[in-house]
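[1] no sequence on this one, just coordinates:
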C-alpha cells in the first residue's frame, strides 16, 4: 500500500517569483559591470595610436645603436614596456632593460608627441631588421627597416 504525503508543500508562488527576480537582477548587475569595464579598457587602448616616425642605424666608437622615433598621434598616453629586435618577424628577441634607453626616460609616448628609443644592437649594413614595440596596454607596433 502506497501512502500519499498530503502534508508535503513546495515554496509559495510569491517566494518563487521573488527568487527568480533577484537572480535575474543579480545577473544583469554582473553583466553591466563587465560591459562597463570592458568598454572602458578598449577605449583607453584605442586612444593611443603609435606610428614609427623615423629609424636610424649608427655607431659610436665600436658600439652600434638603432634609434627609433615613435609618435603617438592618438588621444591617450602609452607607456612602452618591451622592445623586440630580430632578423625575421618570427624570431624576435626581447631586448633587456640595459640595452634600451628612452627619451623621455618615463617611457611614455604622450598623446601628440614623440618618444625616442635607443637600442644597443650589433647590426650589419644591408641586413633587414624587424622590430616590435609593446605598450603596457598590450598594443603592438611592428615594423622593419634595412640597416
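    The structure has been received and is ready for your questions. Not measured: the values here are computed from a predicted model. Numbering: from 1, shown residues only.

[2] packing partners for the host helix or strand of residue 51?
    Residue 51 is part of strand 50-60, with elements assigned from DSSP states H and E. Using 3 or more C-beta pairs under 8 Å, 6 or more residues apart in numbering; DSSP states H and E as the contact test, the elements touching strand 50-60 are strand 63-72, strand 128-135, strand 140-146. C-beta: built from backbone N, CA, C; applies to glycine.

[3] what angle separates it from strand 140-146?
    40 degrees (axes from the mean of the first three to the mean of the last three C-alpha atoms, to 10 degrees).

[4] show me where this structure has its helices.
    Applying DSSP state H to the chain gives helices spanning 13-47.

[5] let me see the domain layout of it.
    Here the chain is described, according to automatic domain parsing, as comprising the domains 11-47, 48-146.

[6] mean confidence for the longest one?
    Regarding domain 48-146, the rounded mean pLDDT is 92.

[7] distance from the chain centre to it, please.
    16 Å (C-alpha atoms, centre = their mean, to the nearest Å).

[8] 192 is where my numbering starts, stick with that
    With 192 as the first residue, the last one maps to domain 239-337.

[9] end to end, how far does it reach?
    Domain 239-337 has an end-to-end distance of 27 Å (criterion: C-alpha to C-alpha, to the nearest Å).

[10] before we move on, back to that, okay, the helices and strands packed on strand 241-251 in JSON lines with mean neighbour count and distance to residue 229 next?
    JSON lines is the format used below for those (neighbours: other C-beta atoms under 10 Å; distance: least, C-beta to C-beta, whole Å):
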{"stretch": "strand 254-263", "mean neighbour count": "18", "distance to residue 229": "23"}
{"stretch": "strand 319-326", "mean neighbour count": "19", "distance to residue 229": "18"}
{"stretch": "strand 331-337", "mean neighbour count": "15", "distance to residue 229": "20"}
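
[11] need those in JSON lines (columns: distance to residue 276).
    Formatted as JSON lines, the helices and strands packed on strand 241-251 follow (distance: least, C-beta to C-beta, whole Å):
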{"stretch": "strand 254-263", "distance to residue 276": "7"}
{"stretch": "strand 319-326", "distance to residue 276": "6"}
{"stretch": "strand 331-337", "distance to residue 276": "10"}
